[in-house]
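**Q** Just to be clear, the model below is a prediction. Sequence and coordinates:
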Amino acid sequence: MDTREVDRVRAELALYVADVFGSLRRKDQRAKSDCYLRGLMLDGRRKSIQAMAGRLPDGNEQNLQQFVNQSTWDPVPVQRRICERMLPLIAPTAWVIDDVSLPKDGRMSVGVAPQYCGALGKRANCQVAVSVHAATDTASCPLQWRLFLPRSWDTDADRRTSTRVPSEVTHREKWRLALDMLDTLAEWGMRPPVVVADAAYGTNAHLRAGLNDRGIHYVLAVRADVSAHPLDAEPEAPPRKGPVGCWPQPRYRHPAPSVATLAAGLEANTFTTVTWRQGTRGQLKSRFAAVRVRPAGKAVERPIKAAASSEQGWWDGVLPDCWLLIEWPDGAEAPTGYWLSSLPADTPITELVRLAKARWRIEHDYRELKHGLGLDHFEGRSWPGWHHHVTLVSAAQAFLTEQRLIPKVPGPASPSTRPSTPSRTS
């Protein structure tokens with residue numbers, strides 16, 4: 001947005017800040033929130049505090065530094081208020097779990113470590129943040145963030161102290177962070193229609209089990225080597241001898257094949273062409289098949305056995321079934337995508353495909369958050385500073401999304417009748 005566009009929405013922004021940042025008790029803190037959001041939205045290559053303060057007529061670098069890096073205001077009520085405003089407005093078809101990497105120099109920024117950096121496509125020094133987004137084909141916004149803390153940070157007292165990492169915060173796997181965020185949102189009375197994620201999350205059977213335990217349906221991408229039995233595969237019950245607790249567990253006659261092997265064994269007429277969205281170059285379509293399977297593997301079977309044992313019951317060896325969705329484009333030598341879904345058995349394949357492809361919208365989020373709103377431009381190092389910055393960036397993106405979605409009633413010669421700039425509509 002240029003200066004004129006920012007000025008045009010100043011009154012609406014003031015009302016937005018008064019509501020979203022209403023939990024901040026001090027008037028000067030709410031004023032700094034307004035200033036910071038304008039700095040994030042205003043055109044400029046860098047969105048560091050120094051650069052933003054230089055562009056704003058009321059920008060004060062020292063005040064903004066103190067507000068973001070030293071002030072003790074709680075970002076959680078702000079995050080909750082953003083969710084309360086955005087979920088009814090967007091009416092998401094799915095919540096998407098994803099993560100984003102933020103390259104960093106040095107080793108003193110909170111959570112930084114040599115790890116895979118998606119932004120660079122290789123292992124590099126970076127921070128990684130896990131996020132949950134509400135999404136439709138036309139709008140999306142982040143609902144929650146968790147900074148991934150590598151295991152090396154658990155025992156590094158000097159860095160933890162200097163970056164003010166809370167004592168109770170330790171390393172947690174990314175899939176656990178995702179479930180933590182869903183639990184936080186559930187405590188706020190917010191529940192996803194369905195959860196979508198890429199194969200880095202969907203392949204993890206513990207995440208799928210966690211979603212099942214919470215009664216949350218999912219459509220999750222998985223790797224080709226994930227194993228599953230065909231729906232009609234039945235386990236063999238070995239002879240029962242001795243006390244009940246010593247009876248051997250049922251086993252399947254054959255090892256579970258990979259989903260790639262299952263796909264290769266399907267008849268050609270199992271696949272059908274499905275169109276899921278209108279793209280910029282025409283309809284997006286491909287060939288898909290959806291079959292019912294029983295995911296297998298130690299991470300799946302052990303919890304079932306343990307549950308049966310704890311209830312002094314008996315596991316019959318029949319694993320729970322779900323959808324396996326396969327994409328095999330016409331002319332391709334092999335499938336290009338696999339998804340597991342807990343949606344009901346009567347779910348149409350068109351709905352499975354539409355949800356499986358919902359992740360594309362989050363790439364739009366990340367582009368706007370990083371390149372347009374400076375998500376990765378924060379130069380502070382502390383745990384509180386990072387969470388303040390991310391919350392402010394989320395608030396700026398939510399405000400712009402509201403501006404795009406809420407109908408306007410322009411008067412004659414109103415500036416709002418002008419075409420939106422690319423930063424407002426991309």
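**A** Nice, I can see it. These numbers were taken from a predicted model, which means no experiment stands behind them.
**Q** so where's the chain shaky on pLDDT?
**A** 237-250, 307-315, 408-426 (pLDDT under 70).
**Q** Walk me through the domains of it.
**A** 3-75+378-425, 90-202, 218-358 (automatic domain parsing).
**Q** Let's verify Trp276: helix, strand, or coil?
**A** strand (DSSP: H, G, I helix; E, B strand; the rest coil).
**Q** Quick one: residues contacting it.
**A** Contacts were defined as Cβ atoms under 8 Å, 6 or more residues apart in numbering; by that measure Trp276 touches 284-285, 350, 353-354, 357. The way it works is simple: take the backbone N, C-alpha and C, and place the C-beta from them, glycine included.
**Q** ok, back up a step: using a markdown table, please lay out the domains of the chain together with distance to His371.
**A** Output for the domains of the chain, formatted as a markdown table (distance: least, Cβ to Cβ, whole Å):
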| stretch | distance to His371 |
| --- | --- |
| domain 3-75+378-425 | 9 |
| domain 90-202 | 11 |
| domain 218-358 | 18 |
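**Q** Tell me how many other residues crowd Asp7.
**A** Using other Cβ atoms under 10 Å, Asp7 has 13 neighbouring residues.
**Q** any idea how far Leu56 is from it?
**A** 11 Å (Cβ to Cβ, to the nearest Å).
**Q** ditto for Asp225
**A** On the measure of Cβ to Cβ, Asp225 and Leu56 end up 52 Å apart.
**Q** do the same with Ser167
**A** For Ser167, the distance to Leu56 - Cβ to Cβ - is 37 Å.
**Q** For these two, indicate the residue with more neighbours.
**A** Shown here are Ser167 and Leu56; by other Cβ under 10 Å, Leu56 has more neighbours (17 against 6).
**Q** Please look at the more buried one and Cys35 and confirm they touch.
**A** Yes. Assessed by Cβ atoms under 8 Å, Leu56 is found in contact with Cys35 at 6.2 Å.
**Q** tell me the contacts of the closest residue to Ala186 other than its chain neighbours?
**A** Distances taken as Cβ to Cβ, 6 or more residues apart in numbering put Arg214 closest to Ala186, at 7.4 Å, once the chain neighbours are dropped. Counting by Cβ under 8 Å, 6+ apart, Arg214 makes contact with 179, 182-183, 186.
**Q** The nearest residue to Lys174 once chain neighbours are set aside in helix, strand or coil?
**A** Once flanking residues are discounted, Lys174 sits nearest to Val130: 5.1 Å by Cβ to Cβ, 6+ apart. At Val130 the chain is in strand, as set by three-state DSSP.
**Q** Dump the C-alpha coordinates for stretch 134-144 into CSV.
**A** Output of stretch 134-144 as CSV, limited to C-alpha atoms (Å, rounded to 0.1, in the frame of the first residue of the first chain):
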residue,chain,number,x,y,z
ALA,A,134,-8.2,-20.9,8.2
ALA,A,135,-8.7,-21.2,4.4
THR,A,136,-11.1,-21.1,1.5
ASP,A,137,-10.4,-20.8,-2.2
THR,A,138,-10.8,-17.0,-1.9
ALA,A,139,-9.4,-16.1,1.5
SER,A,140,-7.2,-17.3,4.4
CYS,A,141,-5.4,-16.1,7.5
PRO,A,142,-3.2,-17.6,10.2
LEU,A,143,-5.0,-18.5,13.4
GLN,A,144,-2.0,-19.6,15.6
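**Q** Of all the residues in that stretch, which ones are buried?
**A** 134-135, 139-144 (16 or more other Cβ atoms under 10 Å).
**Q** Show me what the lengthiest helix in the chain is packed against.
**A** Determined from DSSP state H, the single longest helix within the chain is helix 383-405. If contacts are counted by 3 or more Cβ pairs under 8 Å, 6 or more residues apart in numbering; DSSP states H and E, helix 383-405 sits against helix 10-20, helix 27-41, helix 75-90, strand 140-147, helix 422-425.
**Q** Just give me how far the first one sits from the chain centre.
**A** The offset between the C-alpha centroid of helix 10-20 and the centroid of the whole chain comes to 27 Å, using Cα atoms, centre = their mean, to the nearest Å.
**Q** ok, so what distance separates Arg107 from Asp154?
**A** Arg107 is 15 Å from Asp154, by Cβ to Cβ.
**Q** who's in contact with Cys380?
**A** Check again: residue 380 is Gly, not Cys. Neighbours of Gly380 in contact, by Cβ under 8 Å, 6+ apart: 49, 68-69, 109, 386, 389.
**Q** again but with Arg107, I slipped
**A** Here Arg107 is in contact with 113, 125, 159 (Cβ under 8 Å, 6+ apart).
**Q** what about the second one, how many neighbours?
**A** In this case it means Asn125. 16.
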